[in-house]
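> A structural model of the following input is requested.
(one chain, ligands or ions: 1)
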Amino acid sequence: MAAASVQEVLPPILDSTSDPPPLFDGTTRLYVNYECPFCQRVWIVRNYKGLQDKIKLIAIHLQDKPLWFKQKLYPENKVPALEHNGKVIGESLDLIKYLDSTFDGPSLLPDDPTKRDFAEEMITYLDTFLKNVFTSLKRDPIEEASGEFDYLETSLKKFDDGPFFIGELSQVDAAYVPFIERFQIFLQEVFEYDITAGRPKLAAYLEEINKIDAYKQTKCDPKWLVQLYKTRYMGSG
Ligand SMILES: N[C@@H](CCC(=O)N[C@@H](CS)C(=O)NCC(=O)O)C(=O)O
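Purely as a prediction, here's the structure:
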């Protein structure tokens, strides 16, 4: 089991009035925004591996970003970003892999080559999955996105030694679940569409992943999410 059952007190959000932490002092820091699904991916991995003491969370206000973030830390000016060993690394999918392979803690990628291949296949499909669901939100998600949720259901049938995409919890879950979480909330609330109806594997998946502390601590506020997506995809607030 992962050593991640600590309920962490989250650090305050830094904005344009906040001083930087002592940058490049040897501390490993993960810069996130608490509502960003890309950050959530990496945050889940950090928690699951029990790295709360080794990787310090720094929360950034995206609408009122501190200038030092771009000027002194990460010219890309995006989160997530990891300050480690005098360098800054970005891109959530790269960071999932980096954290998993660089730091101690339970591995999120098994040795089994069949599972590794399938994990790679699912990560490769991610962009298509996201593009298709996000595009559908502006039109008719029940009609247009159901194929993507069927894809999740079919994928979950591939391995029967656990409820997650490759059986045990893995990098694949960290990469997908922040978005599955958001789609489930929004489609239920706005379209009364239950993505788990008729998809027993997906229902069991969500039930099981919601028992994992490392994930639970990273979940977004549903009310905030519904408002954001209504504005972003439906042109209303
Ligand atoms: N491809 C990047 C996307 C990261 C991203 O778009 N992050 C957003 C927040 S969700 C960001 O920092 N945007 C810059 C801004 O809002 O100023 C990844 O996977 O890490």
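> contacts and neighbour counts: CA atoms only from here.
OK.
> and Leu57, its phi and psi?
For Leu57, the backbone dihedrals are phi -80, psi 140 (criterion: degrees, to the nearest 10).
> contact residues of this protein facing the ligand?
For the chain, the residues in contact with the ligand (Cα under 6 Å from any ligand atom) are Cys36, Phe38, Leu62, Lys78, Val79, Pro80, Glu91, Ser92, Leu93.
> quick one: the residue most central in space within the chain from Asn47, how far?
Centroid-nearest residue in the chain, with Cα atoms, centre = their mean: Arg41, separated by 2.6 Å. Distance, Arg41 to Asn47, using Cα to Cα, to the nearest Å: 10 Å.
> do the same with Ser92
15 Å.
> can you give me the offset of stretch 120-131 from its chain's centre?
Mean-position distance between stretch 120-131 and its chain equals 14 Å (Cα atoms, centre = their mean, to the nearest Å).
> can I get that stretch as CSV, trimmed to CA atoms?
C-alpha atoms of stretch 120-131 as CSV (Å, rounded to 0.1, in the frame of the first residue of the first chain):
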residue,chain,number,x,y,z
GLU,A,120,1.8,3.4,-23.4
GLU,A,121,-1.2,2.8,-25.8
MET,A,122,-3.6,4.5,-23.4
ILE,A,123,-1.3,7.4,-22.8
THR,A,124,-0.9,7.8,-26.6
TYR,A,125,-4.7,7.9,-26.9
LEU,A,126,-5.1,10.6,-24.3
ASP,A,127,-5.0,13.6,-26.6
THR,A,128,-7.6,12.0,-28.8
PHE,A,129,-9.8,11.2,-25.8
LEU,A,130,-9.6,14.7,-24.5
LYS,A,131,-10.1,16.4,-27.8
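> which parts of that stretch are buried?
Going by neighbour count (16 or more other Cα atoms under 10 Å), the buried part of stretch 120-131 is Met122, Ile123, Phe129, Leu130.
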